[in-house]
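>>> Sequence and predicted model, in that order:
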Amino acid sequence: MERVNKEQQIPWIWFILSGPFNGRVQQDDEQGTSSSLIAYHHYDTMGLQQISLEFEETQDEHA
């Protein structure tokens, strides 16, 4: 996978999801981000860096 991504110059991110998996997501009040989902990207110059994630609530039109 790493070889294919380098040859085709496809950027990719690792997502790490941690529980609990009971449907409740804890959010950071200040930024509205979830502490149970983190992401990382490996840059050629800076190495492995955490990527900031932002979440927003949406309403289901079919509900």
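Done, it's in.
>>> Whichever strand or helix holds Leu48 - contacts with which helices or strands?
In this assignment (DSSP states H and E), Leu48 forms part of strand 47-51. Packing partners of strand 47-51 (3 or more C-beta pairs under 8 Å, 6 or more residues apart in numbering; DSSP states H and E): strand 37-43. Bear in mind the C-beta positions are built from the backbone N, C-alpha and C, glycine included.
>>> So which elements touch the strand it packs on?
On a contact count with 3+ C-beta pairs under 8 Å, 6+ apart, strand 37-43 meets strand 14-17, strand 47-51.
>>> List the contacts of the first one.
What it means is strand 14-17. 36-41 (C-beta atoms under 8 Å, 6 or more residues apart in numbering).
>>> From those, pick the one nearest Ile10.
His41 (12.0 Å; C-beta to C-beta).
>>> ok, the closest one - contacts?
Counting by C-beta under 8 Å, 6+ apart, His41 makes contact with 11-14, 48-49, 51.
>>> With pLDDT as new columns, can those residues be given to me in CSV?
As requested, the contacts of His41 are exported to CSV (pLDDT from 0 to 100):
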residue, pLDDT
Pro11, 77
Trp12, 81
Ile13, 85
Trp14, 88
Leu48, 89
Gln49, 91
Ile51, 90
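>>> Show me which of the residues you listed are buried.
Among those, not one is classed as buried by 16 or more other C-beta atoms under 10 Å.
>>> Let me know how buried Phe15 is, in neighbour terms.
Burial of Phe15 is recorded as 10 neighbouring residues (other C-beta atoms under 10 Å).
>>> By mean pLDDT, which helix or strand of this protein comes out lowest?
Of all helical and strand segments in the chain, the minimum by mean pLDDT, DSSP states H and E falls on helix 2-8, at a mean of 67.
>>> what stretches of this protein score poorly on pLDDT?
1-5, 23-35, 63 (pLDDT under 70).
>>> wait, isn't Leu37 in contact with Glu54?
No: with contact defined as C-beta atoms under 8 Å, Leu37 does not reach Glu54; the gap is 11.1 Å.
>>> When these two are compared, which one has more neighbours?
With neighbours defined as other C-beta under 10 Å, Leu37 and Glu54 compare such that Leu37 has more, 13 against 8.
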